[in-house]
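**Student:** Build me a model:
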Amino acid sequence: EMDIDDETASNDKSGRFKYLLECRRTRTRPTISIMIAMEGDRLQLQHQGLRQNEAKALAAAFSCNESVTHLNLSHNPLGTGAVDIAAAMADNSALTRLDMRSAQVGWRGAAEFSKSLYHNEYLTHLDLRSNKIGD
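**Tutor:** So this is what the prediction gives:
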């Protein structure tokens, strides 16, 4: 098992170590394909069944990821994990496109995206269709 500490995670520009730390903290099984894809510029995770804890782990990674420019989390039951994804966007300067269609974002997630977008000048496309935000 890989030994990961906070210092190693703070020097990681892909976010993989932070992802692993958050997976460990939430007792969520890390996905190797996600870790590998964090080095590229596109991460396609639509229809993966990702839930709250997986979203929290991804949010930890995206708070420092410097390579992924396109992230697709559509059609996943993220629930309140969408709030964590939204909060991570405030500090992310790489991501330009984020697809959150049908991801159970809800009004709390939408409110957090609103706050994050105020601080993020890099994200140019955010798709929140089919999330029942007003319900």
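
**Student:** longest helix anywhere in the protein?
**Tutor:** helix 106-119 (DSSP state H).

**Student:** Check which helices and strands that helix sits against.
**Tutor:** Judged by 3 or more C-beta pairs under 8 Å, 6 or more residues apart in numbering; DSSP states H and E, the packing partners of helix 106-119 are helix 81-89. Using the backbone N, CA and C atoms, a C-beta is placed for each residue, glycine as well.

**Student:** Now find how far off-centre the helix it packs on is within its chain.
**Tutor:** 6 Å (C-alpha atoms, centre = their mean, to the nearest Å).

**Student:** ok, now stretch 19-38?
**Tutor:** 11 Å.

**Student:** which outside residues touch the longest helix of the chain?
**Tutor:** Contacts of helix 106-119 with the rest of the structure, by C-beta atoms under 8 Å, 6 or more residues apart in numbering, involve 78-80, 82-83, 85-91, 100, 105, 123, 126, 128, 131-135.

**Student:** where does the residue nearest to Ile133 when sequence neighbours are not counted land on pLDDT?
**Tutor:** Once flanking residues are discounted, Ile133 sits nearest to Ala110: 4.5 Å by C-beta to C-beta, 6 or more residues apart in numbering. If you check Ala110, the pLDDT there is 95.

**Student:** neighbours around Ala110, how many?
**Tutor:** Using other C-beta atoms under 10 Å, Ala110 has 17 neighbouring residues.

**Student:** Roughly how far does it sit from Cys64?
**Tutor:** 24 Å (C-beta to C-beta, to the nearest Å).

**Student:** Please apply the same query to Lys132.
**Tutor:** From Lys132 across to Cys64, the span is 31 Å (C-beta to C-beta).

**Student:** cool, and Leu98?
**Tutor:** In terms of C-beta to C-beta, Leu98 sits 16 Å off from Cys64.
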